[in-house]
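> sequence? don't have it. structure:
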């Protein structure tokens, strides 16, 4: 596809200091009762600790959470900042770009720092897929006798795009037809994602990202305490729960979502709950703290629009726009992380860009690990930064498609090579 509308920016001296995430736990599992606010507080505190910073060092709080997953969802950004120890005077905001939300948090942090609003930002994506509500929008004035009661599953309904009259799975099926992608190819890719995630888990690479979750209490002097209460007999969660042996033979036995389609429950992104956080700072701030070694330099960001009915191709034009803005080519990029919304979607992006699979999602992706909407972009960015450092490679891109027809991408640089 050619691109080339949208917007992009190159950043001069913006750094990702450090970050952390929860383990991603399967839908209706051990994190199902936990508010995304509390998951966000947990990872915010962990990110600050890993960065060697205090809450008092933070000048802005930028958060994302797509679902109205608790009755205090309106104040999620503010509570995450306050209970993480950020000063009372520091403001907080909620940003949303659906599956690209985590990347949008980094972009807004870089913009705020560039424009002089702050020298540091705490970015937090937190999502409880399990706590998506069963909702109705028509009963504020009561129920009429015999009228339909219109409560619906918000999470299920949100998977439909009424403009294009397609579900998110159907957008992947459209790409499968356009790029001539077979069910066998999609299952083979999914099996690889699971295998890579299991290998990364066994080698401890995923554990490096994770701040284990335990039952805990969050105190804020002068205000009500909050906290996390895990289920009985669960003392700690320290590993992603969805990666599992998933050979092609097992995946091939699963029924497709649509007749004669390529997408199944096994080769689409897993439903999970989780949160991720990072600290973004200016170079000037870091040069005053000589003991801090940042994870990576944030070099640029791009967001584009694509047709809603093929929303999954969004990463391809976003990556092209990002490379053009930053004066690089795909040959300069050592590693690429693209969110695995659906197997056919990731294969379409791979074909459109001509990507070498050996540098794509090398530690597995959302098919195996899961996709908690607003947390995913933060997770992918931290995964990419650590893997560039581990391999001694310079440039990497993290990207995602976005429901409704968008794509977003970030460029990272490992300056230690």
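Sure thing, it's come through. Computed from a prediction, not measured in an experiment: that's the story for all the values here.

> Can you classify the nearest residue to residue 7 once chain neighbours are set aside by secondary structure?
Spatial nearest neighbour of residue 7, excluding adjacent residues (Cβ to Cβ, 6 or more residues apart in numbering): residue 303 at 6.0 Å. For every residue, glycine as well, the C-beta is placed using N, CA and C. Under DSSP: H, G, I helix; E, B strand; the rest coil, residue 303 falls in the strand class.

> What's the local residue count around residue 303?
Neighbour count of residue 303, defined by other Cβ atoms under 10 Å: 23.

> That one and residue 257, how far apart?
Taking Cβ to Cβ, to the nearest Å as the measure, residue 303 falls 28 Å from residue 257.

> who does the biggest strand by length in the chain touch, helix- and strand-wise?
Secondary structure of the chain read by DSSP state E shows that its longest strand is strand 7-21. If you count contacts as 3 or more Cβ pairs under 8 Å, 6 or more residues apart in numbering; DSSP states H and E, strand 7-21 packs onto helix 36-51, helix 101-114, strand 272-282, helix 283-287, strand 296-305, helix 315-326, helix 373-391.

> and the residue sitting nearest the centre point of the chain, what is it in contact with?
Geometric centre of the chain, nearest residue: residue 376, 1.2 Å, by Cα atoms, centre = their mean. Shown in contact with residue 376 (Cβ atoms under 8 Å, 6 or more residues apart in numbering): 99, 101, 102, 125, 339, 366, 400.

> could you redo the last one with a cut-off of 6 Å?
102, 339 (Cβ atoms under 6 Å, 6 or more residues apart in numbering).

> swap in residue 26?
Listed by Cβ under 6 Å, 6+ apart, the contact set of residue 26 reads 241, 242, 272.

> rerun that using 7 Å as the cut-off
For residue 26, the contact set (Cβ atoms under 7 Å, 6 or more residues apart in numbering) comprises 241, 242, 270, 272.

> Can you report how many residues neighbour the first one?
Residues lying near residue 241 (other Cβ under 10 Å) number 20.

> any idea where the helices of the chain begin and end?
Along the chain, counting by DSSP state H, helices occupy 36-51, 76-83, 101-114, 154-157, 168-178, 183-202, 248-251, 283-287, 315-326, 343-353, 366-369, 373-391.

> Most tightly packed of these?
Of all the helices of the chain, helix 366-369 has the most neighbours on average by mean count of other Cβ atoms under 10 Å, namely a mean of 30.

> who's in contact with that helix?
Around helix 366-369, the neighbours that count as contacts under Cβ under 7 Å, 6+ apart are 24, 190, 193-194, 197, 240, 242-243, 267-270, 339-341, 343, 376.

> what residue ranges in the stretch 151-300 of the chain are flagged as low confidence?
For the stretch 151-300 of the chain, no stretch has pLDDT under 70.

> Which one of the helices and strands packed on strand 7-21 lies nearest to residue 169?
Nearest to residue 169, of all the helices and strands packed on strand 7-21, is helix 373-391, at 15.7 Å by Cβ to Cβ.

> got a list of what residue 79 touches?
For residue 79, the contact set (Cβ under 7 Å, 6+ apart) comprises 37, 72.

> ok, it to residue 237 distance?
Using Cβ to Cβ, residue 79 is found at 21 Å from residue 237.

> How about residue 415?
Relative to residue 237, and taking Cβ to Cβ, residue 415 is found at 34 Å.

> Likewise for residue 95?
Noted for residue 95: a distance of 27 Å to residue 237, by Cβ to Cβ.

> One more: residue 175?
Counting by Cβ to Cβ, the separation of residue 175 from residue 237 is 34 Å.
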